[in-house]
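>>> My questions are about this predicted structure, shown below with the sequence.
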Amino acid sequence: MSSVGAGLSHWLRTHPATRMVLALIITLIATSVVLMIAAVVMLKQREVDLPEQLRMRLLADVNAMTAPVQITTDRVSLTLSDDFQPVLTLQSVKVADQNATQIVAVDYAVTEASLAALFLGELKLQRLSVEGVQVPISRTETGQVGLVLQPDVGPDAATAGAFDVAKTLETVLTLPQLDEFKTLEIFGITIEYDDSLTNKTYVVDGARATLDRTGDALKVFSDFALITGGANVATVEMTYAKTLGQAAGDYGVTIDQLPAQDVAGQAPFLSWLAALDAPISGSIRGGWDESFAITPTSATLEIGRGRVKPTEGTRPVAFDGAKAYLTYDPATQMMTLDQVRVDSRELQLSASAYLKASISEGVAEDFEGHIDIADLSANPLGSLIEPFKSQDGHVDFRLSLDPFQIEVAEAYIRELDEGSDGYANGVITARPEGWELRVNAFTPRVGLRKVLSAWPIDFKANPRKWIDDHISAGALVDFEFSLHRLPNELPVIHYSMGFEDLVMAPFADAPPIQGLSGHLSSHDFILSLETDAGYIETPTGRVDVGGSRYTIPNGRIKPSLAEVNLQIDGAYEDVLWVLNHPPVSLSKRVPANLDLTTGRVIGTVDMSFLLSKTEAAKSLKYSAAGRMYNARSKFDVLSNQITSDAVDITIDDLMFTLSGPAELGGIQSEMRFVSSLDPKRDVRPQLNANLRVSDRDLTGLGVALPQDLLRGTAAAELVVDFPKGAAPQYRITSDMVGFGARIPTLGWRKSTNAKGQFRLDGRLGETSKIDGITYSGQGLEAVADVIVSNGAYAGVNLTKLRVGDWFNTGLRIAKNGALSITSGTVKLADFLERRQSGSGSNTSTEIALDQLIIDPKNSVSNFRASLNQKGLGPFSGAINGAPIAGRLYATPLGPGIEVVSTDAAGVLMATDVVKRATGGSLQMQLTPTSRKGELDGTIAIRDIRVQNSSVLLEILNAISIVGLLDQLGGPGMSLDEVDVTFRNTPEQVVIESATAFGPSVGISVDGYFFKQLEQLDLQGVISPIYALNAVGALISGKGQGLIGFNFTIRGETDKPRVVLNPLSAFTPSLFREIFRRPAPNLEK
C-alpha cells in the first residue's frame, strides 16, 4: 500500500464523523448505480412511452433543431440500443414546412441519440430509421420533378422541387444537434409517381433508402422493385453523393429489366427509346455542378429481346438485343454513342454514332444523328430475302418522335458488293395504321444476287422467284431504286438500271443467254428491258441477241402479259438450234428437219405469253422475221447447192417460211420453203424454186447433153418435199416453152413455142440420187434416170424413149454427150426416113436393140450397131433368128444400108419367103430415094438350096415336071444365083426384077406387094432344065431359057393364086414379053 493510501486510512480512523458521511454518500451512490442499472436493463428490454410533458418538450427541442421544418408525432417511446444508446421511437410522424404544408408522413421513426450528450442536457441524433413513408412525387409537363405537398388537396397541391428538398435536407443535416448524425434508413417507402409528361402513374411499394454521412460527405442509396406486367419484375437502384456545403453532386441509376418506354420517359435524351417494347438493363451516371447545371451524363444500356413498335398499328420489328455506351452533354444536347451493338433478325449492327437532341421545355422533339458503321447486316421490316451487309459506311438521319419517323438524308455503304459503294435515302414513318416506307437507293455497280436479296419478300414473289431461278449471274450498273410502301398495301417499286454480264435462261429447258448488257427500268407497273449485247452459246457457235427487248406492259393484270422482241444474229444452224428449244420448240412442231442450209441470219423473234406456269405454254404467241445472208443449202440438187446472197425468213404460229432470190448452179430463181407449224393443218414441208434454165445453165449444172439437143431458155420449177422419217424428195418440172430441142439421130425436134412435160425426180441425202426423169411432147416420150459415178454426174440413162410408134428404146447419154441405145424396138423405115431428115451429130452412137422392125412381118433381133458422128457404121443382128451383118454408109440422099448374111436360107425362112432352105449367102443394099419413106434395094443370093416353097411348088405342078417336084420336096432345088431389084415404099414393095436360076430351073419375076392389103401381084417366067435351056437367057434375059412358062401370082400372101400359061412354052423367048405386062421400071 502506498503512503498516500496509508495516510488516508489513518485520517478516516481518526475522524469518525467524516467516515459516516462518506459511508452515506457511498451507499447512496451505490443505490443510485443499482437503480440506474436496473433502469437501463428495463429500458433495454422494453419501450417506455414518454410522458406528455416530456414528449412535448422533446418535440420542441427537435423542432428547434429542424426549423423551419416542423415535426409532429402522436407518440414517443424510449428504449436503449445494443450499445446502450438511447433510442426514441416516434409514431405517426408528419413533417411540414414553415407554412404548415405537409411534406411527408411517416408511420413511425426510430432515432438514436448520444447518451453522453443527454447527460450534458443536449439531444444529438446519430441514426434515424423510418418506416412506412408515403412519398408522392410528380413531374410536370415541362419535366420538373418535385415532392407533392398536401397530396390530399389533389392536382392543385403545391410541390417542392427536387433541389428544394435537397437544400432542406442539407440545412437540417448542418444543424449542431446533428453534427454526430451518421445514418438515415427508410423502409417501407410507398412512392406514388404521377408523370404528367408521359401521362403515366407509377406506384411503388416497399422501397427503401439509406443516407450515410461521413464527416461532410453524404451518400444516398435507394432501391425498389417495379412490377411491369405479367411475370416481369424490374429493379431500380439509385445513388447520390455530395459534400455538405457544396451544391455539386453526383447520381447514379442502375436498372434491371425496366421497360424501355419507362426509361425513355425519364430523360429527354433517352426519349428515342420510347419506340421500343423491350426490357433495358444498365446504368446511368450523372450530376450537377455548383450552379445546379446538369453535367454530362454517361450510360450503359443493354436492351433485351423485344421489338420496335411505335404505334399500335405498326407491325412489330423484332430484335434479339442491343447494347450501347453513350455520353450525353446537356449543354450541347449532343449524345455520343461510343459502342452500339444491335442484334435482331432484321438488323445486326456494330457502330458508333452521335445524336443531337432538340429539346424544348424538357421534351425532346427530334434528334439529328450520324452513324459510323463498323459492321452491318440489315433487313428492314423483314422484307428482304437476304440482309444487306457491309463493314464500312455511315448514315445521316433525323429521328422524330411524334409521329415516329426516321428520315435518312444519306446512307452510304462502302463496298456494298464487288467493290462498289451504295447510296440511299428515305423515310420510315410509323402511321397509326402501320409502317410507311420510302426508300431511294443508288449504286454504280451491284451483283444480281445482292439485288435479289433486297427484293421485298411480299412483293411480287413470283417474278422474284423467276429471276432467281432463271438469272444465275451478272451485275447491275447505275442502279437506281425507289420504294414507297403504305401501311397494309403492297409496295410501289420503281427502278432503273443498266446490267452487265447477265446469264439468263428465260424459259425452262432453254439455253441461257450469256453476256447480257443493257438497261432495265420499271415504272407504274410497266417493266422494260433493253439489251445492248448478249449471246446464246450453241454446240457449234453462238447467236448474238444484242438489241433485244423484254416488256411487261401492265403488271397490274394477273397473270401479266410478257412481250419479248429478240434480235438475233448468227449462223442459221445456231439460230435454228435456239429456235428448236423452248419456248418456240420448232423441232416439235415441224414434221421435218429444218437444218437445210448454212448462212448468217439477222432478224427478230417476237413473242408474247402469260407469266403463269399453267398458262405460259398455252398462251404463247410468236412470230419471227429476218434475213439470211450467204445462204448455201446443205443438200445438192443435180450436184449443185442452192445458194442465195439474201433470203427472207418468216415464222408465225402457223408457218415457217424461207423465201427470196436464189441460184442453182448459176441458174437464177425465186425460192420459197414453207412448213406448217399447226398440227391441224396438213401442209408438208416443201421447197419451191422458180427457175429460168438455159442450155448453158445445164452445162453449169454439169449436165452435158448431145450438141444441139437443147437450145434456148425455159421456165422450170424445183420442188423439194421433206417427208417425216424419210429422205427429202425433189422434182423439177417444166413445160419446156422456150426450149427448142431435137435429136438428129432420130430426126425428132421440138420448136421453142411448143409445150412439153418434163419432170425430174430425186432424193436428197449424203449422196443425192435422181430417181427418174420423164418427158412427153411432140410425139416423144422419155423416162430416164441420171447416172452418178463417185457422187458426180456421169450421164443420163433413158429407160424408155418413145418417138411416135416407130422408136421405142432405152437410151443412155454419156457425160460427154455420146449416145447408147440399150434396148427397145425401132422401125427401120421410119428411122431411116427421120434419120435422113436430120443432120449429123458430134457424138457417136452405140445401138443395142431388142428388135429392128423391117416391116410388119420381118424384124432384126439383137440388133447391134456402132455409128460414128454422122450416124454411119457397122451393125449386126438376126432376122427372125437368122444372123445378119451390115453397115450404114453415106449416099447423096442419105444413109444407105448394106446387109450381108452367110445363112441366106435362114434369112429367107425367117422372112417366110420359103418354107425350107439350106445354105447360101445373102447381100442386100437399101438406098434412100428422093421421095420420103422410099428405099431402093437390091438382093443378091448365091448357092442356096430351096425346099418346100409353096409358090414354086404350084408353078412346077402346073407344068407337071415331076423331077423338079421331087427335088423341091426332097433334098431341095439348087439355085446358083438369086438377084432382086425392088423399091420399098410406105404402101408397097415394087419388084422391078427378080431372077433365080440353078441347074434345074430358072425363074424371073416382077410385080408388086401391097403392104396394107397383104396382096401379091407378080408375074414371071419359069424355065425348067435351065442348065440346057439357059441359052435363051442371051435373048430373053437372066433366068429365062429358050423354053419357059409365063405365070402370075396374085392374092393374099398366105394363099396366093398361081396361074401358068402352058402355051407360052412354045413361044420363043424373044416374044414372051408380048403376052405379059411390062415389068416395073424403078427409074420411071
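Here it is on my side, so go on.
>>> My understanding was that residue 216 contacts residue 245; is that so?
Yes. Between residue 216 and residue 245 there is a contact under C-beta atoms under 8 Å: 6.3 Å. To be clear about C-beta, it is placed using only N, CA and C from the backbone, and glycine gets the same treatment.
>>> Which one of the two is surrounded by more residues?
Neighbour tally, residue 216 and residue 245, criterion other C-beta atoms under 10 Å: the higher count belongs to residue 216, 12 against 8.
>>> quick one, what contacts that one?
By C-beta atoms under 8 Å, 6 or more residues apart in numbering, residue 216 lies in contact with 243, 244, 245.
>>> Out of the residues you listed, which is nearest to residue 522?
residue 243 (69.0 Å; C-beta to C-beta).
>>> unless I'm mixing things up, the closest one is touching residue 217, no?
Yes. In this structure, residue 243 is within contact of residue 217 by C-beta under 8 Å, at 5.8 Å.
>>> right, and residue 245 touches residue 174 too?
Yes. Shown here, residue 245 and residue 174 form a contact pair, counting by C-beta under 8 Å, at 7.3 Å.
>>> for the closest residue to residue 527 other than its chain neighbours, what are its contacts?
Spatially, and ignoring its direct neighbours in sequence, residue 527 is nearest to residue 552 (4.1 Å; C-beta to C-beta, 6 or more residues apart in numbering). Taking C-beta under 8 Å, 6+ apart, we find residue 552 in contact with 525, 526, 527, 560, 561, 562, 563, 611.
>>> Which of these has the largest number of neighbours?
For the contacts of residue 552, the largest number of neighbours (other C-beta under 10 Å) sits with residue 562, at 20 neighbours.
>>> and that one, bridged to which residues?
When bridges are called by DSSP bridges, residue 562 pairs up with residue 609.
>>> Roughly how far does it sit from residue 610?
According to C-beta to C-beta, to the nearest Å, residue 562 stands 7 Å off from residue 610.
>>> care to break this protein down by domain?
Domains of the chain are assigned by automatic domain parsing as 3-45, 505-589+597-613, 630-871, 887-1075.
>>> I'd like those written out as TSV, with mean pLDDT and distance to residue 108 added.
Shown next, in TSV, are the domains of the chain (pLDDT from 0 to 100; distance: least, C-beta to C-beta, whole Å):
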stretch	mean pLDDT	distance to residue 108
domain 3-45	47	18
domain 505-589+597-613	88	77
domain 630-871	81	101
domain 887-1075	76	164
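>>> can I have the helix or strand where residue 1050 lies written out in PDB, keeping just the CAs?
Assigned by DSSP states H and E, residue 1050 belongs to strand 1045-1052. Taking Å, rounded to 0.1, in the frame of the first residue of the first chain, the C-alpha atoms of strand 1045-1052 are listed here in PDB:
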ATOM      1  CA  PHE A1045     -43.600 -70.800-219.000                       C
ATOM      2  CA  ASN A1046     -45.300 -67.500-218.100                       C
ATOM      3  CA  PHE A1047     -47.100 -67.300-214.700                       C
ATOM      4  CA  THR A1048     -48.800 -64.900-212.400                       C
ATOM      5  CA  ILE A1049     -49.100 -64.900-208.700                       C
ATOM      6  CA  ARG A1050     -52.000 -62.900-207.100                       C
ATOM      7  CA  GLY A1051     -53.900 -62.800-203.900                       C
ATOM      8  CA  GLU A1052     -53.100 -62.900-200.300                       C
END
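>>> Report the buried residues of it.
Using 16 or more other C-beta atoms under 10 Å as the test for burial, strand 1045-1052 gives 1045, 1046, 1047, 1048, 1049.
>>> likewise stretch 637-650?
Buried-residue list, stretch 637-650, by 16+ other C-beta under 10 Å: 637, 638, 639, 640, 641, 642, 643, 644, 647, 648, 649.
>>> if I pick the closest residue to residue 140 other than its chain neighbours, what's in contact with it?
Distance criterion C-beta to C-beta, 6+ apart; nearest residue to residue 140, sequence neighbours excluded, is residue 196 at 5.6 Å. For residue 196, the contact set (C-beta under 8 Å, 6+ apart) comprises 138, 139, 140, 141.
>>> quick one: pLDDT of residue 196?
pLDDT for residue 196: 80.
>>> mind checking the backbone torsions on it?
Per-residue torsions, residue 196: phi -70, psi -20 (degrees, to the nearest 10).
>>> Distance of residue 563 relative to residue 623?
Counting by C-beta to C-beta, the gap from residue 563 to residue 623 is 12 Å.
>>> Am I right that residue 794 is in a strand?
Yes. Under DSSP: H, G, I helix; E, B strand; the rest coil, residue 794 falls within a strand.
>>> who does the nearest residue to it once chain neighbours are set aside bridge with?
In space, and not counting its chain neighbours, residue 794 is closest to residue 787: 4.3 Å by C-beta to C-beta, 6+ apart. Residue 787 forms beta bridges with residue 795, as assigned by DSSP bridges.
>>> how close does residue 787 sit to residue 981?
Going from residue 787 to residue 981 by C-beta to C-beta gives 46 Å.
>>> can you check residue 217 too?
The gap separating residue 217 from residue 981 is 175 Å, by C-beta to C-beta.
>>> between these two, which one's more packed in?
Neighbour count, other C-beta under 10 Å: between residue 217 and residue 981, residue 981 has more, with 18 against 11.
>>> Show me what whatever helix or strand the more buried one lives in is packed against.
Element membership of residue 981 [criterion: DSSP H and E] is strand 973-984. On a contact count with 3 or more C-beta pairs under 8 Å, 6 or more residues apart in numbering; DSSP states H and E, strand 973-984 meets strand 935-947, strand 988-997.
>>> In CSV: those, plus distance to residue 674 and mean neighbour count.
Formatted as CSV, those follow (distance: least, C-beta to C-beta, whole Å; neighbours: other C-beta atoms under 10 Å):
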stretch, distance to residue 674, mean neighbour count
strand 935-947, 58, 20
strand 988-997, 63, 21
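>>> is it possible to export those to TSV including distance to residue 761?
Formatted as TSV, the helices and strands packed on strand 973-984 follow (distance: least, C-beta to C-beta, whole Å):
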stretch	distance to residue 761
strand 935-947	41
strand 988-997	46
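>>> Residue 532 is nearest to which of those strands?
Distance to residue 532, taken as C-beta to C-beta, is lowest for strand 935-947 among the helices and strands packed on strand 973-984, at 87.1 Å.
>>> Quickly run through the sheet partners of the closest one, with directions.
Strand 935-947 pairs in its sheet with strand 916-918 (antiparallel), strand 921-928 (antiparallel), strand 973-984 (antiparallel), by DSSP bridges.
>>> quick one on the thing from earlier: sort out which one of the buried residues of strand 1045-1052 lies nearest residue 397 for me.
Of those, the one sitting nearest to residue 397 (C-beta to C-beta) turns out to be residue 1049, at 140.5 Å.
>>> Quick check: beta-bridge partners of the closest one?
Applying DSSP bridges, one finds that residue 1049 bridges with residue 1018, residue 1058.
>>> Pretty sure it sits against residue 1009.
No. Counting by C-beta under 8 Å, residue 1049 stays clear of residue 1009, with 10.2 Å between them.
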